[in-house]
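>>> I would like to see how this sequence folds:
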Amino acid sequence: MIINTNTGSANAARILAESTSALQKSLKRLSTGSRIASIADDAGGSAVASKFSAQVTRLNASRANVGNMISFSQTQDGYMEKVAGALERMSELAMLSTDETKSNTDRGLYQKEFAELQEFIDVIADKDFNGTSLFGASAMTVTVGTAMDGTSSKVTFAASNLAASSGHYADVLAGTVKVDSASDAATALQKVQNAITQLAGDRAQVGANLSRLETERNTISILRDNLSAARSRITDVDVAEESANFARQQILVQSGTAMLAQANVIPQSALRLIG
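Below is the predicted model:
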């Protein structure tokens, strides 16, 4: 029996310290919801999760880019729908003006509306979306993600050029296109029909762009969700499992504290020998 060195107490104190540390780690996991309380818990997993987090963040930005492009294309189509209505009315006016039973005075009345519709289309051609021309001649490019080698993954969409200088639109908007005479109306009718055909093709292109953009957005969402799930398996704590571990560590700390108290009492039995 010895007094100076209480081996039992030292062992009990060490085990209690370990149990207390484990209890604190379990408490931190439950309070933060993270399985990795410190980088030492899973250094490799933490590094992988960090890369996943960065990629998910980039995908969220890419999804925002695609969403903006969808809004851009929807705005394009909205204006083009109005132009289609204007061209249909212009073709109707031109057809009415070819009627031989009407006088040039009557045709002059049709010409007033025809000219206003020409101006309406000309104004729409200059519309923009957040400073970007809706109907410019340049193709539009949207970044939808990054490849494995770090390079950007981009999708380019053909332009929908509704500018006054473009193809059959320019023919319709020319100042010489009028319906104030039967012969002019016949010429205008042909040019308006050509413009309607061109507009139909441009709207089809916008529709194709929207279809591709929706597909890209869905693809990005699928990849983002799966990367988030993979990151979750690495970093997120299983609350049910960790709660059981927390209860276990609590019991160990309580029992360790009790046993340390008992270990500290044992050397006192030496006093009986001395007394």
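
>>> In the stretch 101-250 of the chain, mark out all the helices, start to finish.
104-124, 167-173, 182-235, 239-265 (DSSP state H, counting those that start in this stretch).

>>> Highest mean neighbour count across those helices, which stretch is it?
Compared across the helices of the stretch 101-250 of the chain, helix 167-173 shows the largest average neighbour count, a mean of 20 (mean count of other CB atoms under 10 Å). The way it works is simple: take the backbone N, C-alpha and C, and place the C-beta from them, glycine included.

>>> what pLDDT, on average, does the strand or helix carrying residue 273 get?
Assigned by DSSP states H and E, residue 273 belongs to helix 270-274. Taken as a whole, helix 270-274 has a mean pLDDT of 72.

>>> buried residues in it?
For helix 270-274, a neighbour-count test (16 or more other CB atoms under 10 Å) marks nothing as buried.

>>> ok, now which ones touch the residue most central in space within the chain?
In the chain, the residue lying closest to the centroid (CA atoms, centre = their mean) is residue 63, at 2.2 Å. Contact partners of residue 63, counting by CB atoms under 8 Å, 6 or more residues apart in numbering, are 217, 220, 221, 224.

>>> residue ranges with poor pLDDT in the protein?
By pLDDT under 70, the weakly predicted segments of the chain are 1-2, 137, 146-152, 158-166, 275.

>>> Kindly report the domain assignment for it.
Listed domain ranges for the chain are 7-33+238-274, 43-235 (source: automatic domain parsing).

>>> Start and end of the first one, how far apart?
Put plainly, it is domain 7-33+238-274. Terminal residues of domain 7-33+238-274 lie 21 Å apart, using CA to CA, to the nearest Å.

>>> on that earlier part again, TSV please, covering the helices of the stretch 101-250 of the chain and showing distance to residue 139.
TSV is the format used below for the helices of the stretch 101-250 of the chain (distance: least, CB to CB, whole Å):
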stretch	distance to residue 139
helix 104-124	20
helix 167-173	16
helix 182-235	10
helix 239-265	50
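
>>> between those helices, which one is nearest to residue 9?
helix 239-265 (3.9 Å; CB to CB).

>>> which strands and helices sit next to that closest one?
helix 7-32 (3 or more CB pairs under 8 Å, 6 or more residues apart in numbering; DSSP states H and E).

>>> Fine by me, we can end here.
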